[in-house]
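A.B. asks: Here is a sequence with its predicted model. Questions after.
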Amino acid sequence: MAEGLGACDAKRSESPEWSASRRNDERQGEGKSYMKTIAHHRLLDMQPEQVNPSMTRRLLWGERIMAALMEFKQGFVVPTHQHENEQLTYCLSGLMRFHFSDREVLVGPGEVLLIPGGVSHGAEFVEDTVEMDVFSPPRQDWIEGTDTYLRR
């Protein structure tokens, strides 16, 4: 996934304040295996990953945060699982039902659900759904493609 200054940021990159800020980021990154960069993308223009026949996602991540724009077909079920990552789910359209050990939660358009790290949960998609998940830290299993519970 390409990272760096987007075309819309070209004029800002010429300003002295922007250049000084970028030089500071580069200096702080010395001696590490990464350099802090700014990523600017239009999510819908990014190539979607077809995780399974009922799920696509577009991922963008940094050192400590990940965003995933996902589309699910009605009837798809995410099996119960847990992960160390905090998860914030924002429903753009459709309807999801989350399952927890002590309750079920319906999440519809404009609603947000915060799931602490370590909490077991699963979900089913009552309607075709578009949603965005934000994780901290990033999901390494998603980055590496080892999220076998979704790839069936």
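C.D. replies: That came through fine.
A.B. asks: And the helices in this structure?
C.D. replies: Ranges of helices in the chain, per DSSP state H, are 10-13, 16-28, 140-144.
A.B. asks: lowest-confidence stretch among the ones you listed?
C.D. replies: Note on the helices of the chain: lowest mean pLDDT is at helix 10-13, with a mean of 34.
A.B. asks: Report the helix or strand with the lowest average pLDDT across the chain.
C.D. replies: helix 10-13 (a mean of 34; mean pLDDT, DSSP states H and E).
A.B. asks: Contact partners for the residue nearest to residue 118 when sequence neighbours are not counted?
C.D. replies: Closest residue in space to residue 118, ignoring its immediate chain neighbours: residue 82 at 6.0 Å, by CB to CB, 6 or more residues apart in numbering. No exception for glycine: its C-beta is placed from N, CA and C like everyone else's. Residue 82 sits next to 118, 119, 120, 121 when contact means CB atoms under 8 Å, 6 or more residues apart in numbering.
A.B. asks: Now do the nearest residue to residue 76 once chain neighbours are set aside, the pLDDT please.
C.D. replies: Nearest residue to residue 76, sequence neighbours excluded (CB to CB, 6+ apart): residue 54, at 3.9 Å. Looking at residue 54, its pLDDT is 98.
A.B. asks: tally of neighbours for residue 54?
C.D. replies: 17 (other CB atoms under 10 Å).
A.B. asks: Need phi/psi at it.
C.D. replies: Note on residue 54: backbone dihedrals following degrees, to the nearest 10 are phi -110, psi 10.
A.B. asks: The residue nearest to residue 94 when sequence neighbours are not counted bridge partners, please.
C.D. replies: Excluding the flanking residues, the one nearest residue 94 by CB to CB, 6+ apart is residue 129, at 2.9 Å. Beta bridges link residue 129 to residue 72, judged by DSSP bridges.
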